[in-house]
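> Fold the stuff below for me.
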Amino acid sequence: MHRKLPAGGRAEPSEQHHAIPASARGSSRRNVNDPEVKRGEQLFSQANCSACHVPELRTGGKTAIPAAADLPIHAYTDLLLHDMGEGLADGRPEYRADGREWRTPPLWGSGWCPR
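Sure, this is the predicted structure:
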């Protein structure tokens, strides 16, 4: 059974009980004090992108590797599936997502893409 979550998504069973490995933290943030980066963060928030592309998640407090506990992860995702309705349905299921559901893709590292 899937539990509904506040942002309107649901966790996949394979993701519900697994901690995010510390090695999956992705690239580190850079230029965080640059005015252009700060303006981008402000626009990202104003456009409500952060409702699904959550800027920061944290690892759990209890991990097999103590150094991996309670670490910030700037993946810009909520790791959930969202029912986007018939208008956006592509009819192509992927793993546990049906043709109406979309995963929130992580945006970490997208700043490294050439403009």
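
> ok, and the helix or strand in this structure with the lowest average confidence?
helix 13-16 (a mean of 46; mean pLDDT, DSSP states H and E).

> What is the neighbour count of residue 46?
Each residue near residue 46 was counted by other Cβ atoms under 10 Å, and the total is 9. Placement of C-beta: from N, CA and C, glycine included.

> Do you know the pLDDT at it?
For residue 46, the pLDDT comes out at 95.

> Which residues are in contact with it?
With contacts defined as Cβ atoms under 8 Å, 6 or more residues apart in numbering, residue 46 has no neighbours.

> Could you check how far it is from residue 52?
15 Å (Cβ to Cβ, to the nearest Å).

> Over to residue 102?
9 Å.

> ditto for residue 43
Taken as Cβ to Cβ, the span from residue 43 to residue 52 is 16 Å.

> Tell me how many other residues crowd the residue lying closest to residue 94 once chain neighbours are set aside.
The spatial neighbour of residue 94 that comes closest, neighbours along the chain excluded (Cβ to Cβ, 6 or more residues apart in numbering), is residue 103 at 7.7 Å. By other Cβ under 10 Å, 19 other residues sit near residue 103.

> Which strand residues bridge residue 103?
Beta-bridge pairing for residue 103 (DSSP bridges): residue 81.

> Number the chain from 31, please
Happy to do that; since the first residue is 31 now, the last one works out to residue 133.

> which ones are touching it?
Taking Cβ under 8 Å, 6+ apart as the test, what residue 133 contacts is 110-112, 124, 127.

> Out of the residues you listed, which end up buried?
110-112, 127 (16 or more other Cβ atoms under 10 Å).

> Which one of the residues you listed is nearest to residue 63?
Residue 63 has its nearest neighbour among the buried ones among the contacts of residue 133 in residue 110, at 30.6 Å by Cβ to Cβ.

> Thought residue 135 was touching that closest one, still the case?
No. Between residue 110 and residue 135 there is no contact under Cβ atoms under 8 Å: 11.3 Å.

> Nearest residue to residue 118 in space, ignoring adjacent ones along the chain?
residue 132 is the one closest to residue 118 (Cβ to Cβ, 6+ apart), at 7.1 Å.
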